[in-house]
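Engineer: Structure here, sequence nowhere to be found:
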């Protein structure tokens, strides 16, 4: 056998067939690696987007919380000026029906004995993953209740001879 024949046999045949195989393998490997990288980016991106949405919902609830706190303080000052006299007063608070893409509830609970009049109201997204609590102290008792977020009315009224503040959805009136 000649030297040129030996060299061709050591290369396992036709050199052009080796190149075609490596091109196909490289193409398949490139597709597989690209698919893995893209799916990893999509998974990481969706988790990031969800955490950003949760932060945005919390910030929006903070804004609604401030508006509600201001209105509770305003109606409480009005009730103190009325000094338990007969008559009704009300303030409408135009809160958002939904924050970002979630509805929310407003719950008022008494955090102390009835004479101390410290109340916590909680704004909680219905998905349950975001909530904001605010402690308020009022001179007039607030009736414990839970209402759907949105346009809300805070009323001053006399109930069983005692003044009380009541939160209601504005659409009920």
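Structural biologist: Good, I have the coordinates. The structure presented is a predicted model; accordingly, all values stated were derived computationally and were not measured. Numbering: from 1, shown residues only.

Engineer: Could I get the buried residue list for stretch 150-158?
Structural biologist: Of the residues in stretch 150-158, 150, 152, 153, 154, 155, 156, 157 count as buried by neighbour count, 16 or more other CB atoms under 10 Å. Any C-beta I mention is one placed from the backbone N, CA and C, and that applies to glycine too.

Engineer: and which of these is nearest residue 80?
Structural biologist: Comparing the buried residues of stretch 150-158 against residue 80 with CB to CB places residue 156 closest, at 9.8 Å.

Engineer: tell me the contacts of the closest one?
Structural biologist: Contact analysis of residue 156 by CB atoms under 8 Å, 6 or more residues apart in numbering lists 75, 78, 79, 82, 88, 89, 90, 140, 163, 164, 165.

Engineer: Let me know the pLDDT of it.
Structural biologist: Residue 156 carries a pLDDT score of 90 in this model.

Engineer: does it count as helix, strand or coil?
Structural biologist: What DSSP: H, G, I helix; E, B strand; the rest coil gives for residue 156 is strand.

Engineer: Tell me if residue 25 really is in a helix.
Structural biologist: Yes: the assignment for residue 25 is a helix, going by three-state DSSP.

Engineer: Next, work out how far apart it and residue 148 are.
Structural biologist: Per CB to CB, to the nearest Å, residue 25 is found 61 Å from residue 148.

Engineer: okay, these two: which has more neighbours?
Structural biologist: A count of neighbours by other CB atoms under 10 Å puts residue 148 above the other of residue 25 and residue 148, at 15 against 10.

Engineer: Settle this for me: the more buried one is touching residue 103, isn't it.
Structural biologist: Yes: Residue 148 is within contact range of residue 103, at 6.9 Å (criterion: CB atoms under 8 Å).

Engineer: coming back round to it: weed out the non-buried ones from the contacts of residue 156.
Structural biologist: 75, 78, 79, 82, 90, 140, 163, 165.

Engineer: Looking at those, which is nearest residue 62?
Structural biologist: Once CB to CB is applied, the member of the buried ones among the contacts of residue 156 that ends up nearest residue 62 is residue 75, at 20.8 Å.

Engineer: my guess is that closest one contacts residue 89, does it?
Structural biologist: Yes: applying CB under 8 Å as the test, residue 75 and residue 89 come out as touching, 6.8 Å apart.

Engineer: overlap in contacts of the two?
Structural biologist: 155, 156.

Engineer: Taking the centroid of this structure, which residue is nearest it?
Structural biologist: residue 57 (3.1 Å; CA atoms, centre = their mean).
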